[in-house]
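Asker: sequence isn't available, so here's the structure alone:
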Ligand code: CTP
């Protein structure tokens, strides 16, 4: 099979990000942003405003990025004339987090009176800002007008959130927590990727079939592999719909999530989502059987040991196949085969009977991979007869490998 590794870098890898930090008590949280982005492979140049220096020092940022953190002292230095223009031109993204009401106002009106605002004015890259300010300042008509001007210009806003602020007041103005901001940065960096304008549908997790109002027949699928596929598709710029069985996993930022319980609900959600879809990745562990009747009231012990009669659920991939031949969508269909014996033979039968382009086969008898854990060991079989066994790797890496192949399949369709 072709080597697709060049497609597999995370969106942060080798990206140049300028992180502006302004005067807010939330400035200390920017250190976590700088640290995580650096760890993910980005080159992070931090620019602090004079007000930010009242809350945090350049040394904090230098320690986590391994690079000089800039202040207004650099605005008038020997290389000053190239510094702001250089950063503004070479950056892939300018993030200002936290952004104060003052800096928002400067950006809205093109004021360039410190290194950060000069850099913002020179920037040719997307700008993402995360406001942090007192509720009165944020809701003030002046700030709201500035927010509107910037939104119209395409500036991406993350937050502010509602909640308790340092002043003790509760309201809109709280800095969104760094993990969520990082998710939005990741999404922004992924825009225009190889799957841009491609619609990818992912199913994840196990379905639950109700016996009565409190009991269900479930399976051991955690949803981790499906959620990793959704993230990997987002990382390549796709428009992602994630159809998920019950799971507490957080939705990858940017994915449209549709929650379902039963196989029947998943079937309906999939059939609705695949209209004009480019790819369907069926990672869900769909129940094959459901109780023939669901008791309306809780089944009581006094009634004796219940006899449960099961009936077959719809096979979702089998239902997709005729829709696909009639409409041409989804353009690519990927199935998953969880097997405890005869892995490749069983997977090949499913690949053919379900009319798939690719099947991801995993041996669920292995203890170090598969259900519930973070790693997976899979073999990829394609409709052309290609077989590739991947080594034990994280579910994120498996997802990247699968998406790289989906990207390749879609290139010709
Ligand atoms: N699948 C489906 N609808 C079902 C059951 C499974 O679309 N009712 C999909 C799964 O999401 C997966 C593929 O079919 O992508 C194979 O699932 P698996 O459970 O391994 O196979 P089954 O067809 O259910 O066969 P068996 O359980 O007998 O191995």
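Answerer: That came through fine. Quick caveat: nothing in here was measured; it's all calculated off a predicted structure.
Asker: check the secondary structure at residue 355 for me.
Answerer: Three-state call for residue 355 (DSSP: H, G, I helix; E, B strand; the rest coil): coil.
Asker: wait, what's in contact with it?
Answerer: Listed by C-beta atoms under 8 Å, 6 or more residues apart in numbering, the contact partners of residue 355 are 317, 321, 324, 333. Yep, even glycine has a C-beta here, placed from its N, CA and C like the rest.
Asker: among these, which are in strands?
Answerer: Of the contacts of residue 355, the ones assigned to strands by DSSP state E are residue 333.
Asker: max pairwise distance over the contacts of residue 355: which two?
Answerer: Farthest apart among those by C-beta to C-beta are 317 and 324. That separation is 9.8 Å.
Asker: quick one on the thing from earlier: tell me the one of the contacts of residue 355 nearest residue 31?
Answerer: Checking these against residue 31 by C-beta to C-beta gives residue 333 as the nearest, at 44.7 Å.
Asker: so who does the closest one touch?
Answerer: 279, 280, 282, 317, 320, 321, 324, 354, 355, 356, 357.
Asker: tell me, which of those residues make contact with the ligand?
Answerer: 282, 317 (C-beta under 6 Å from any ligand atom).
Asker: just the buried ones out of the contacts of residue 355, please.
Answerer: 317, 324, 333 (16 or more other C-beta atoms under 10 Å).
Asker: for the second one, give me the pLDDT.
Answerer: To tie it back to what came earlier, the one meant is residue 324. If you check residue 324, the pLDDT there is 95.
Asker: now it. Nearest residue, chain neighbours left out?
Answerer: residue 330 (6.3 Å; C-beta to C-beta, 6 or more residues apart in numbering).
Asker: the one you found belongs to a strand?
Answerer: No: going by three-state DSSP, the assignment for residue 330 is coil, not a strand.
Asker: up against the ligand, what does the chain have?
Answerer: Residues of the chain lying near the ligand (C-beta under 6 Å from any ligand atom): 263, 282, 284, 286, 288, 313, 315-317, 335-338, 350.
Asker: from the residues you listed, which ones fall inside helices?
Answerer: Cross-referencing the residues of the chain next to the ligand against helices under DSSP state H gives 263, 316, 317, 350.
Asker: tell me the contacts of the last one?
Answerer: Residue 350 is in contact with 335, 337, 356, 359, counting by C-beta under 8 Å, 6+ apart.
Asker: where's residue 360 relative to residue 353, distance?
Answerer: Note on residue 360: its distance to residue 353, by C-beta to C-beta, to the nearest Å, is 16 Å.
Asker: hmm, residue 232 is touching residue 395, no?
Answerer: No: Residue 232 is beyond contact range of residue 395, at 9.7 Å (criterion: C-beta atoms under 8 Å).
Asker: of the two, which one has the most company?
Answerer: Neighbours were counted for residue 232 and for residue 395 using other C-beta atoms under 10 Å; residue 232 has more, 30 against 24.
Asker: thinking again about what came up before, residue 204: which of the residues of the chain next to the ligand is nearest?
Answerer: So of those, ranked by how close each gets to residue 204 (C-beta to C-beta), first place is residue 284, at 5.7 Å.
Asker: so what pLDDT did that closest one get?
Answerer: 98.
Asker: which residue is the nearest non-sequential neighbour of it?
Answerer: residue 203 (3.7 Å).
Asker: so the one you found sits against residue 247, correct?
Answerer: No: counting by C-beta under 8 Å, residue 203 sits too far from residue 247 to count as a contact (11.7 Å).
Asker: the more surrounded of these two?
Answerer: Taking neighbours as other C-beta under 10 Å, residue 203 and residue 247 compare with residue 203 leading, 30 against 16.
Asker: contacts only, for the more buried one.
Answerer: Taking C-beta under 8 Å, 6+ apart, one finds 226, 242-244, 266, 270, 280-284, 286, 316 in contact with residue 203.
Asker: recalculate using a threshold of 10 Å.
Answerer: Taking C-beta atoms under 10 Å, 6 or more residues apart in numbering, we find residue 203 in contact with 223, 226, 229-230, 241-245, 258, 260, 266, 269-270, 273, 280-286, 316-317, 336.
Asker: repeat that for residue 26.
Answerer: 55-56, 97-100, 130-133, 160, 165-166, 174-178.
Asker: now which of those would you call buried?
Answerer: If we count by 16+ other C-beta under 10 Å, the contacts of residue 26 have these buried: 55-56, 97-100, 130-133, 160, 165, 174-176, 178.
Asker: where does pLDDT dip in this structure?
Answerer: By pLDDT under 70, the low-scoring segments of the chain are 1-9, 77-82, 84, 367, 369-370, 372.
Asker: no further queries at this time; thank you.
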